[in-house]
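> here is my input, please return the structure:
(one chain, ligands or ions: 1)
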Amino acid sequence: MTINPKAKLEETQDGTVVYNFDPLIVKSHYEIDYVHSYAQDSEFFKALGRQELMGSKCKKCGYTYGTPRGHCMECGSETEWYKLPNEGKIHAFTTCYFGGEAFLNETPFHLVLVEFEGVDSLFMSRIIGVDTEDLYVGMPIRAKFRRNLKLNPTDVYFVPKA
Ligand SMILES: [Zn+2]
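Below you'll find the predicted structure:
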């Protein structure tokens, strides 16, 4: 056992950027490696590499989801995968002036809720290649996929249908 009442942390020469004193707002660096599983949603992310979007369909009531879902929100039964079309139309849209780390350099950016024909729920994604004032509900759009997958939701995005 060591007992040292004079123990002291090393002093450093680096400081902290202070943006505001009241309330105190400081700059902190934050970075981690995050290992996680996509579990039952894995097929959705694997399909992005084939440039396909996969939705979920209830095995019992037939409700169709434009997103991965292990179980039906309508009746609770297990779902199965099915291929979504790569084209749809804008159901709703918004312009974001702030975003998570992945999007900060792209602000402002547009989010859309994509409506696929014959699908009961919507899919949220980004749309690029169109100015805010040119976006409209019902605009035909199509999915594009990153060539070098990151295996995350940003691998797919939408553009106006030519
Ligand atoms: Zn169901």
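> and for F109, the neighbour number?
18 (other C-beta atoms under 10 Å). No exception for glycine: its C-beta is placed from N, CA and C like everyone else's.
> if it is in a bridge, with which residues?
C96 (DSSP bridges).
> next one, pLDDT for it please.
pLDDT recorded at F109 is 93.
> surely it touches C96?
Yes: between F109 and C96 a contact is recorded at 5.5 Å, counting by C-beta atoms under 8 Å.
> interface residues of the chain facing the ion?
Taking C-beta under 5 Å from the ion as the contact definition, the chain meets the ion at 58, 60-61, 63, 72, 74-75, 77.
> from these, which ones fall inside strands?
Residues of those located in strands (DSSP state E): C58.
> pull out the buried members of the residues of the chain next to the ion.
Applying 16 or more other C-beta atoms under 10 Å to these, the neighbour count classes 58, 63, 72 as buried.
> and the nearest residue to T154 once chain neighbours are set aside, backbone torsions?
Excluding the flanking residues, the one nearest T154 by C-beta to C-beta, 6 or more residues apart in numbering is A102, at 5.8 Å. The phi/psi pair for A102 (degrees, to the nearest 10) reads phi -70, psi -20.
> what number of residues lie near A102?
Count around A102 with other C-beta under 10 Å applied: 11.
> what's the separation between it and H71?
For A102, the distance to H71 equals 28 Å [C-beta to C-beta, to the nearest Å].
> what comes up buried for the strand or helix carrying K83?
Per DSSP states H and E: K83 is located in strand 79-84. In terms of neighbour count (16+ other C-beta under 10 Å), strand 79-84 has its buried residues at 79, 84.
> stretch 150-162 too?
155-158.
> could you identify the most distant pair in those?
D155 and F158 (12.3 Å; C-beta to C-beta).
> of the buried ones among the residues of the chain next to the ion, closest to Y30?
C72 (37.4 Å).
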